[in-house]
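# Build the 3D model from these lines:
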Amino acid sequence: MNSNLESVMQLKKQMEQSVIGQQHMVDTLLVALLTNGNVLLEGLPGTAKTRSIKALASALSVDLGRVQFTPDLLPSDVTGTEVYQDVDGKPTLTFQPGPVFNNLLLADEINRSPAKVQAALLEAMEERQITVAGKTYQLPDLFMVLATQNPVEQEGTYPLPEAQMDRFIMKINLDYPDADAEEQIIKMVRGEEKPSSYKPEPIDPACIFAAREEIQQIYCSGAVLKYLVSIIIATRQPEKYPDSELANWIAVGSSPRATIALDKCARAMAWLKGKDFVDPDDVRQVVHGVLRHRLILSYDALAEGISSDRVIDEILSQVAVA
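Below is the predicted model:
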């Protein structure tokens, strides 16, 4: 095991000690971090969405910013704004950075704000910069948006537009933990209530940048690449599979941004397993997180209660490895 992978595994271990019963969330957050992507977390209250993000920031010892999205939030509350100051007797406009200038940004309940505020994050998520009053400001080299939304409360919410959903490299669906995990959570919280002098050693964020370079060198064969692309094409041309219900379920398929994301995430997953090549299992392991927010389902599918994950399962059963 190389030193960078060892450091990332230590990061994973520290997060798993704080987040119990949500193994797939920890894995997905690491994949997104290693691919320089952003993550959308959707789950019921109390499913460790905020806790996992805080655990990641604590383990890396990086700055964490938090914005509680509300209907009266302004774009400047996220990006920052120019403020008037008197400097040496001269009126001066000085840029006051907003919470987006932290390494990790928790956009809590992002769907509670209108599209104008949601769009304030688009440039930051895609370009790693923001523009205010005609001036461009670069964000930190290590930057990641982690947005949460509650799937239960829909009153007073504004659904994220497809263009912004596509900016999240992966989406995590969270459910309540099982009984065994619930018992472990109780024990963990009891332990945290007791004073302790032990603090785990922070992980050097430099290992993330080094890991990203190694991931770019992961080999992907022509057969695996063709399999990966075929999955995406199946979302756009479901009529090619007449033996399935895909054509009735999918209204709009995934964009090329999904293909790029699937390739990046599959290579990151292979790297996390200590391999130097991608196999079909790596693709299948990340495909739900990459595609579930990039499919627009038909009215019939929604009426039948068909989920995006169900559609992806059907695609995987139809698309064969070359």
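# Might you list the low-confidence residue ranges for this protein?
1, 153-156, 196-198 (pLDDT under 70).
# where along the stretch 51-200 of the chain do the strands fall?
64-68, 80-87, 90-97, 104-108, 129-132, 135-138, 144-149, 170-174 (DSSP state E, counting those that start in this stretch).
# Can you say which of the ones you listed is nearest to E193?
Ranking the strands of the stretch 51-200 of the chain by proximity to E193 (CB to CB) places strand 64-68 first, at 22.3 Å. For every residue, glycine as well, the C-beta is placed using N, CA and C.
# So which other helices or strands are in contact with that closest one?
Contacts defined by 3 or more CB pairs under 8 Å, 6 or more residues apart in numbering; DSSP states H and E place strand 64-68 against helix 49-60, strand 104-108.
# so it versus strand 144-149, what angle?
30 degrees (axes from the mean of the first three to the mean of the last three CA atoms, to 10 degrees).
# How far off centre is strand 64-68?
Put simply, strand 64-68 sits 15 Å off its chain's centre (CA atoms, centre = their mean, to the nearest Å).
# Partner strands of it, with direction?
strand 104-108 (parallel) (DSSP bridges).
# ok, and what's touching the strand it pairs with?
Residues from elsewhere that reach strand 104-108, judged by CB atoms under 8 Å, 6 or more residues apart in numbering: 50, 53, 56-57, 62-69, 78, 99, 121, 124, 143-148.
# again, only this time at 7 Å
Contact with strand 104-108 is made by 50, 53, 56-57, 62, 64-69, 99, 121, 144-148, as judged by CB atoms under 7 Å, 6 or more residues apart in numbering.
# Just the buried residues from those, in ChimeraX please.
Per 16 or more other CB atoms under 10 Å, the buried members of the contacts of strand 104-108 correspond to this ChimeraX selection:
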select :53,56,57,62,64,65,66,67,69,99,121,144,145,146,147,148
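# so what's S113 up against?
S113 makes contacts with 69-71, 73, 158, as judged by CB under 7 Å, 6+ apart.
# okay, the strands of the stretch 51-200 of the chain in CSV with distance to P242 next?
What follows is those, written out as CSV (distance: least, CB to CB, whole Å):
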stretch, distance to P242
strand 64-68, 47
strand 80-87, 53
strand 90-97, 55
strand 104-108, 42
strand 129-132, 46
strand 135-138, 50
strand 144-149, 36
strand 170-174, 29
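# right, and these - which one's nearest S254?
Comparing those by CB to CB, strand 170-174 comes nearest, at 12.3 Å.
# Can I get the closest one in PDB, CA atoms only?
Taking C-alpha atoms only, strand 170-174 is exported to PDB below (Å, rounded to 0.1, in the frame of the first residue of the first chain):
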ATOM      1  CA  MET A 170     -22.600  12.100  -7.000                       C
ATOM      2  CA  LYS A 171     -25.800  12.000  -5.000                       C
ATOM      3  CA  ILE A 172     -26.100  10.000  -1.800                       C
ATOM      4  CA  ASN A 173     -29.500   8.700  -0.600                       C
ATOM      5  CA  LEU A 174     -29.600   8.100   3.100                       C
END
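# circling back: compare the contacts of S113 and tell me which is most surrounded.
Using other CB atoms under 10 Å as the neighbour criterion, F69 leads the contacts of S113 with 23 neighbours.
# quick one, phi psi at the nearest residue to it once chain neighbours are set aside?
Of all residues not flanking F69 in the chain, S113 sits nearest, at 4.2 Å (CB to CB, 6 or more residues apart in numbering). Phi and psi for S113, reported as degrees, to the nearest 10, are phi -110, psi 150.
# now S61
phi 50, psi 50.
# mind listing what it touches?
Applying CB under 7 Å, 6+ apart to S61 gives the contacts P202.
# what about it, distance to K199?
10 Å (CB to CB, to the nearest Å).
# neighbours of E239, just the number please.
Other residues close to E239 by other CB under 10 Å number 10.
# count of neighbours near Q138?
11.
# and what of S308?
Count around S308 with other CB under 10 Å applied: 20.
# measure it to L302 for me?
11 Å.
# Contacts only, for I250.
By CB under 7 Å, 6+ apart, the contact set of I250 is 235, 238, 295, 297-298, 311.
# Would you check which pair of the residues you listed lies furthest apart?
Using CB to CB, the two most remote members of the contacts of I250 are T235 and S298, lying 12.4 Å apart.
# If anything else comes up later, I'll come back, but that's it for now.
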